[in-house]
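**Student:** Sharing a model that was predicted from the sequence below.
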Amino acid sequence: MGDSFNQQRKLWVPWLVFLVVVAVLFVVWFVTFSASAWDATTNYLQLYLEFIVSRPIDAFFTVSTGPGGTVSWTFIPVYFFTAVHVGLYFYQKEKNLDFTIVTKYYLVYLVCLALFAISFQNVSQHYEWYWNPVTDSQGYVDTWTHITSPWLLGALIMPFAFERYLGWDKKSKWMFIFFVLLIVALVWEIGETVDIQIRESASYFNYPMDSLKDVIMGSVVGSLLSYVIYQHLVMFPKEKEQKRE
């Protein structure tokens, strides 16, 4: 009994200490800002919630972005592939197949992520959060949108587990997602740069360092988020289940 308790304590005590330290640091981080700093900060959460409540169609079913300033129907493939994953989950469960590898928890996460990423992009476009007029430079919301989009793309691709068809070890899954997101990020940035050169009405400029930042956010951070969350919601639980069997 005593050995079992000591073993469990070794597992949860470090996590408890870590959470306490982080909580204290967050409180210190919050209170060290002056009141004027908070007053000068846009209430992004309030504006986001107000927009999706008052204009849900614009929030979830329109994406006005991309080179050329055109309306791209990004939400259609996003919702389509989300529905594909949901449909395949129940179909595979009945037929005992594995075209995709998902769990019910991953499907909930995927639906929530799809709705958030699409609406966040639209709200950012509506309020023009991509540009900081004070510093006449890219706004920091631009960084977050360049994380959420590839994160969602990686999350949609991950369940197909294409590395199985390439004969790769399952531990190489991150590599496939990383290269896909890197290619997408580079093609997108090239498109923005070309768009500026051929379209006189372009109202932005694709600075090299900002473009590099977007590529890093899109490939490195996007693949890391999509891979790690997939592993914890799908692969690790399935491995534990297989060991019990």
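**Tutor:** Yep, that arrived. Numbering: from 1, shown residues only.

**Student:** right, and residue 206 touches residue 190 too?
**Tutor:** No. In this structure, residue 206 is not within contact of residue 190 by Cβ atoms under 8 Å, at 9.3 Å. Heads up, the C-betas are built off the backbone N, CA and C, glycines and all.

**Student:** Looking at the two, which is more packed in?
**Tutor:** residue 206 (19 against 13; other Cβ atoms under 10 Å).

**Student:** Name the nearest residue to residue 150, sequence neighbours excluded.
**Tutor:** Leaving aside its chain neighbours, residue 150 sits nearest to residue 222 (2.9 Å; criterion: Cβ to Cβ, 6 or more residues apart in numbering).

**Student:** cool, and residue 219?
**Tutor:** residue 182 is the one closest to residue 219 (Cβ to Cβ, 6+ apart), at 3.9 Å.

**Student:** And for the one you found, the neighbour number?
**Tutor:** Count around residue 182 with other Cβ under 10 Å applied: 18.

**Student:** Tell me how this protein divides into domains.
**Tutor:** As given by automatic domain parsing, the domain ranges for the chain are 1-41, 42-244.

**Student:** those strands in this structure, which residues are they?
**Tutor:** For the chain, the strands defined by DSSP state E cover 63-64, 71-72, 131-132, 137-138.

**Student:** Check the ones you listed for me: which has the lowest mean pLDDT.
**Tutor:** Mean pLDDT is lowest for strand 71-72 among those, at a mean of 56.

**Student:** Name the nearest residue to residue 120, ignoring sequence neighbours.
**Tutor:** Using Cβ to Cβ, 6+ apart and skipping residues adjacent in sequence, the residue nearest residue 120 is residue 148, 5.7 Å away.

**Student:** thought that neighbour was touching residue 115?
**Tutor:** No. Under the criterion of Cβ under 8 Å, residue 148 makes no contact with residue 115, lying 11.3 Å away.

**Student:** most neighbours per residue, which of the domains of the chain?
**Tutor:** domain 42-244 (a mean of 16; mean count of other Cβ atoms under 10 Å).

**Student:** That one: end-to-end distance?
**Tutor:** This stretch, domain 42-244, spans 51 Å end to end (Cα to Cα, to the nearest Å).

**Student:** if I look at the residue nearest to residue 174 when sequence neighbours are not counted, how far off is residue 150?
**Tutor:** What sits nearest to residue 174 in space, not counting adjacent residues and going by Cβ to Cβ, 6+ apart, is residue 227, at 4.5 Å. Note on residue 227: its distance to residue 150, by Cβ to Cβ, to the nearest Å, is 12 Å.

**Student:** Let me know the pLDDT of the residue nearest to residue 150.
**Tutor:** pLDDT, read off for residue 222, is 93.
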